[in-house]
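what shape does this take:
(chains A and B)
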Protein chains: 2
Amino acid sequence: MTAQPASDPIEDGLTEELHAIVGQRLTTAPAAREQHGRDESYHAPQPPDVVVFAASTEEVSAIVKVCARRRVPVIPFGTGTSLEGHVAALRGGVCIDLTQMNEVLAVNVEDMDCTVQAGVTRKQLGEHLRDTGLFFAVDPGADASIGGMAATRASGTNAVRYGTMRETVLALTVVLADGRIIRTSRRARKSSAGYDLTRLFVGSEGTLGVITEVTLRLHGVPEAISVAVSAFPDLAAAVNATITTIQAGVPVARIEILDDKQMEAINKYSNLDYPQAPTLFFEFHGSEAGVVEQVETVKAVASDFGGSDFQWATGAEDRARLWQARHDAFYAAMALRPGSKGYATDVCVPISRLAECIVETRKDIEDSKILAPIVGHVGDGNFHLVMVLDPDDADEMARAKALNERLVMRGLAMDGTCTGEHGVGHGKIDFLVAEHGEAVSVMRTIKTALDPLGIMNPGKIVRV
Amino acid sequence: MTAQPASDPIEDGLTEELHAIVGQRLTTAPAAREQHGRDESYHAPQPPDVVVFAASTEEVSAIVKVCARRRVPVIPFGTGTSLEGHVAALRGGVCIDLTQMNEVLAVNVEDMDCTVQAGVTRKQLGEHLRDTGLFFAVDPGADASIGGMAATRASGTNAVRYGTMRETVLALTVVLADGRIIRTSRRARKSSAGYDLTRLFVGSEGTLGVITEVTLRLHGVPEAISVAVSAFPDLAAAVNATITTIQAGVPVARIEILDDKQMEAINKYSNLDYPQAPTLFFEFHGSEAGVVEQVETVKAVASDFGGSDFQWATGAEDRARLWQARHDAFYAAMALRPGSKGYATDVCVPISRLAECIVETRKDIEDSKILAPIVGHVGDGNFHLVMVLDPDDADEMARAKALNERLVMRGLAMDGTCTGEHGVGHGKIDFLVAEHGEAVSVMRTIKTALDPLGIMNPGKIVRV
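I've put the predicted structure just below:
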C-alpha cells in the first residue's frame, strides 16, 4: 500500500516526464531539494528527489498522474513555514512547489469572499484587499501561503472572533491522488448538499490531495480598531482576566498572552520596552461607540485581576508594529539563543481548564531547565511553549520531548487537543491515537480510500 | 454492495435478536412503522420492518452489529421532521428511534458548551438552559432533535450571526456501520489534529453512522434584544435592504423575508395582523447601546428602500409569538389549503445574486400557477418556496417538480447550492451531481469505505 518506487526515480525517466509538463520549472539541485524538505521546526530535513514549480491546477493534475502511475510520493509545498515536518519527503518523491500559483483570481466585494491560487501568501492577500474595505482574518505567525494554511487548518490571533481556516474556507479546488480535479463546494454561505468535503480537505496536510485554489470568506474592516497592552502580576491572573472577558461576551478581536520570558524576547527582537511581566495584548473591533464600550468592560476586568493600566498603541503604525512583534514571537524566542532550533508545543484546552494547564506547565518548564517562553491565543484556550533548543544536545532534546509529552497528556486529560493550529505532520503522529482512539482508524480508512497507492505526502497524520 | 436481506428479516429471527438488546422497546405494528417511515414532506412514506427505541449508545452499537451481520438496513430516526424523505426505509430494515435518548448530559457554563443525547429536541435544550445565561442558537422551523439537526446540517433564523450546525457542533459520538463507537473530537474550541471527522458526520444524514451524542457550542444570552418588522413595496426592495444591511457589517442576529402570500398565511395561522406585503423580520442582539446603534443603522437602510416604519415586538412574549409565527411558516402555508402536502425548495446563493434569484423565481411561480409562498433566511442568501400541493394531482406535482428544478438550476448557475439547510435525503439525490460533478465520486468513495455493506440509511445522499 505504501509508495515504493521500484528504482531511483531520477534514473528512471521521471524527470523527463515532468519536464514535458513544466518545462524548465524543475530542479534536482541539492540546495533546492534540501530547502524544500525542511520547515521552521526542529525536525531534520528530508529532501525530495525532485522539485517542480507548478503554474496551474492542470499542471498539478498532470504531475500527480505521472506520480500515481510510477507510485512516487507527492509532497505539496507552500512557504515551508510549517512546524511539524509537514513538508519532509520521508520517502523521497516529487515536491510540488506552488509558489508560482500566486494569483488572486477573484474578489467578490458584495459577497465578502475571494478566490486565490494556493501559493498566494496571507500578506500578499492583505495588500491586494487594501482598498476593498474587506480583510482576511486568519493570521498565523509566518507569512504562510493560503494553500498551506488551508492544508494545516491554521489559525492565529483573530480566531477568537473570526474563526480559523475551518470557518473561513468556503470552497477548494483539489487535485486528487489519481490526478482528477474537484471543486469541493459552491460559494453559497451555507449548504447541506452532501458530505462536507471542504472541511475534510481543510487540515488534511496534503495527504488526501493537493489544494490548488481556495475560496475564502472575508470580513468588513471595522469602523474603529483599538489596541491595548496590560501587564499582570502573574500568569494565572492574566489567564483568568481572559476567561472573564470571554465569558462576559465581549466580542474581543484578539486577546493574546505572553509570559515574562516571551516579553523579554520580543522587547529585544522588536525593540520594544514593555515591562517583563505576564502580559495581555488586546484588539477591539467595532463601531466607535462599540469599541469604547468593549474597552471599558475589559479595562474593569483587567483591573479586577491586578492588570496594569492599558498602554495604548493608537496609530495604525504603532498597531502594526505591536502585532508584527507578536507574530515574530517564535523568531524572537529563537534569537534569545543564536543557532538554536525551535520546538513549539500547541495544546488547546477548554477555557475553564486553561489557567490550571498553563500554571502547571510553567512549573514543568522550570523543572525541565528548558528555555521555553509561553505565548498564546488564550481566548481560544490555545497556547504555545516555544522551546529554544540546541538540536545537537541529545539530552536537551530528550527533555524537550518529555516536556511536550507531559503537556499533551495534561491537555488531553482536560478534554483538549494536542494541536490547536499547527497540525500533525509526522511530529505528532503518535499523539493522534492518544487523542482520538478508534477514530484514528476512521481517518486511516478515509486515507486508504482516497489515496489507495499511498503516494500523497506519506507518513503524515496517519500511518497506513 | 447494497443491503439485500436474504429473506424477510422479521421471519428470520431478527426481532428476537433485537428483543434481546432492547427488551420490549421494539415494535412491528403497522401504524408505528408507517409513522417512522414518513417525514413532513410530500415524499411517500416507506415504512421500516421494525422500529426499536434505543436507550444508550451501547444499545445502538449492539443493534447496528446485528444489522451488519444480517446486512439489514439501519435508519436513524429523531422527530421525523425532515423534508427530503431522509427517514424513508427505501429498502426496509431497522429504524432506530432515538427519542428515548433525551438526556442533557452536561452543561459547561464556563466553556459555553453542552453535551446532549441525540434525542434531545431544540426546545427541550432551550428550556434546560433557561437559567444559565446561555442559549443554543440553531433553530429550524420544527422542534427537531439535536441528533437529526446534526445529521442534516440544519440551520435556521440565527445562522446569519451564529452559524449553522456546521459551526455549532464541537464533537459527536457516532456508532459506525460495524457497530464500533467513536468520539470525533475533543471539547477544545479549535483543533488541527487530523481529519475533521466532526464536520464529515455533520450532514451525513445517517449514511455513515448513527449520531448518538452531540457536544454543542452555546452563546451568551445578549444583554439586550430588539425585534422589528418592516413592510416593503416589493420583494426586490426587501432583498436589497437585506444585502445593504449585511454589507454594512451590522451584526444582525436574524433577518428573515416573507412575501405577501406568506404574510397572509401566517396572519391567518398565527392570528397576527401585519400588512400583506413583502416583509422583513429583524432581531438585534447586543449591549443596550449596541442594539440601539444597530437599529438606527438598519432603520435608515430600510427607509432608503421604501420600507415602512419599524413595528416593534418589545415584550418577551410578543417576541416569542412573532418568532413562533415565523417558525410555523411551513405549517401556515399548508393551512392555506387543507389536506395539502408541502414541498419546500431550499436554494442558497451568494447574496449578490439573491435579489435576481428571488425576483425571477417569483415570475416562475406565477407562470406555474402553483401556490408557493416565499420565506427565507435572506441574510445567508437562503430562501424557500413552500409549495402547497395536492399530492394526488399528478399534473400539479409535475409542475412543482419542474418549478423546483428550474430554481435549482438557476441557483447552481449563480454558484449557489440546491440545499442550504434541508439536506439531500432521496429527494435531491439527482441534483447533487449537477452541483458537485466529480466531487460526488469522492463522496461515494467515502460512503463505500465507511459503510462497505451499504446498510446505513441506503439510498440517501449518494447512490452506490
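
in three-state terms, label the residue of the stretch 1-150 of chain A at minimum distance from chain B for me.
For the stretch 1-150 of chain A, the residue positioned closest to chain B under C-beta to the nearest C-beta is residue A:110, at a distance of 3.8 Å. The C-beta positions use only the backbone N, C-alpha and C, and glycine is treated the same way. Following DSSP: H, G, I helix; E, B strand; the rest coil, residue A:110 is assigned to coil.

verify the contact between it and residue B:351 for me.
Yes: using C-beta atoms under 8 Å, residue A:110 is in contact with residue B:351, at 6.7 Å.

next, residue A:171: phi, psi?
Here is the backbone geometry of residue A:171 (degrees, to the nearest 10): phi -160, psi 160.

report how many residues lie close to it.
Around residue A:171 there are 21 other residues, counting by other C-beta atoms under 10 Å in any protein chain shown.

domain-wise, how is chain A divided?
According to automatic domain parsing, chain A is divided into the following domains: A:104-220, A:224-331, A:338-426.

next up, the contacts around residue A:160.
Going by C-beta atoms under 8 Å, 6 or more residues apart in numbering or on different chains, residue A:160 touches A:246, A:252-255, A:377, A:379-380.

out of these, which comes closest to chain B?
The shortest gap between chain B and any of those belongs to residue A:380, at 4.9 Å (C-beta to the nearest C-beta).

any idea how far the nearest residue to that closest one once chain neighbours are set aside is from residue A:140?
Leaving aside its sequence neighbours, residue A:380 sits nearest to residue B:189 (C-beta to C-beta, 6 or more residues apart in numbering or on different chains; 4.9 Å). Residue B:189 is 17 Å from residue A:140, where distance means C-beta to C-beta, to the nearest Å.

so those two - more neighbours on which side?
residue B:189 (28 against 24).

CA atoms of stretch A:428-436 as CSV?
Included here for stretch A:428-436 are C-alpha records, laid out as CSV according to Å, rounded to 0.1, in the frame of the first residue of the first chain:
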residue,chain,number,x,y,z
LYS,A,428,2.6,14.5,16.4
ILE,A,429,1.5,11.3,14.6
ASP,A,430,1.8,9.2,17.8
PHE,A,431,-0.3,11.7,19.8
LEU,A,432,-3.2,11.3,17.5
VAL,A,433,-4.1,7.8,18.8
ALA,A,434,-4.0,9.0,22.3
GLU,A,435,-6.3,11.8,21.4
HIS,A,436,-8.8,10.1,19.1
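
what are the contacting residues of that stretch?
By C-beta under 8 Å, 6+ apart, the residues outside stretch A:428-436 that reach it are A:84, A:408-409, A:412, A:417-419, A:422, A:424, A:440, A:443, A:459-463, B:182-183, B:185-186, B:193-194.

ok, 7 Å please
Stretch A:428-436 is contacted by residues A:84, A:408, A:412, A:417-419, A:424, A:440, A:461-463, B:186, B:193-194 when judged by C-beta atoms under 7 Å, 6 or more residues apart in numbering or on different chains.

I'd assumed residue A:243 was in contact with residue A:301.
No: counting by C-beta atoms under 7 Å, residue A:301 does not reach residue A:243; the two are 9.6 Å apart.

near chain B, which residues of the stretch 151-300 of chain A show up?
By C-beta under 7 Å from any C-beta of the partner chain, the residues of the stretch 151-300 of chain A that approach chain B are A:152-153, A:155, A:159, A:164, A:166-167, A:180, A:182-184, A:186-197, A:199-200, A:202-204, A:220, A:247, A:249, A:287, A:289-290, A:293.

please pick the buried ones from those.
Neighbour-count burial (16 or more other C-beta atoms under 10 Å in any protein chain shown) is assigned, among those, to A:152-153, A:155, A:159, A:164, A:166-167, A:180, A:182-184, A:186-197, A:199-200, A:202-204, A:220, A:247, A:249, A:287, A:290, A:293.

which ones among the residues you listed map onto strands?
A:182-183, A:220 (DSSP state E).

strands along the stretch 1-150 of chain A, start to end?
With DSSP state E, counting those that start in this stretch, the ranges of strands along the stretch 1-150 of chain A come out as A:26-27, A:50-53, A:74-77, A:94-97, A:104-108, A:113-117, A:134-135.

could you dump stretch A:194-207 to PDB, C-alpha only?
The C-alpha trace of stretch A:194-207 is given here as PDB (Å, rounded to 0.1, in the frame of the first residue of the first chain):
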ATOM      1  CA  GLY A 194     -23.800  16.100   0.800                       C
ATOM      2  CA  TYR A 195     -20.600  15.300   2.700                       C
ATOM      3  CA  ASP A 196     -18.600  18.300   3.800                       C
ATOM      4  CA  LEU A 197     -15.600  17.700   1.500                       C
ATOM      5  CA  THR A 198     -14.300  21.300   2.100                       C
ATOM      6  CA  ARG A 199     -13.800  20.600   5.800                       C
ATOM      7  CA  LEU A 200     -12.400  17.200   5.000                       C
ATOM      8  CA  PHE A 201      -9.600  18.700   2.900                       C
ATOM      9  CA  VAL A 202      -9.000  21.600   5.300                       C
ATOM     10  CA  GLY A 203      -6.500  20.200   7.700                       C
ATOM     11  CA  SER A 204      -5.600  17.100   5.500                       C
ATOM     12  CA  GLU A 205      -2.000  18.300   5.100                       C
ATOM     13  CA  GLY A 206      -1.600  17.100   1.500                       C
ATOM     14  CA  THR A 207      -2.400  13.500   2.500                       C
END
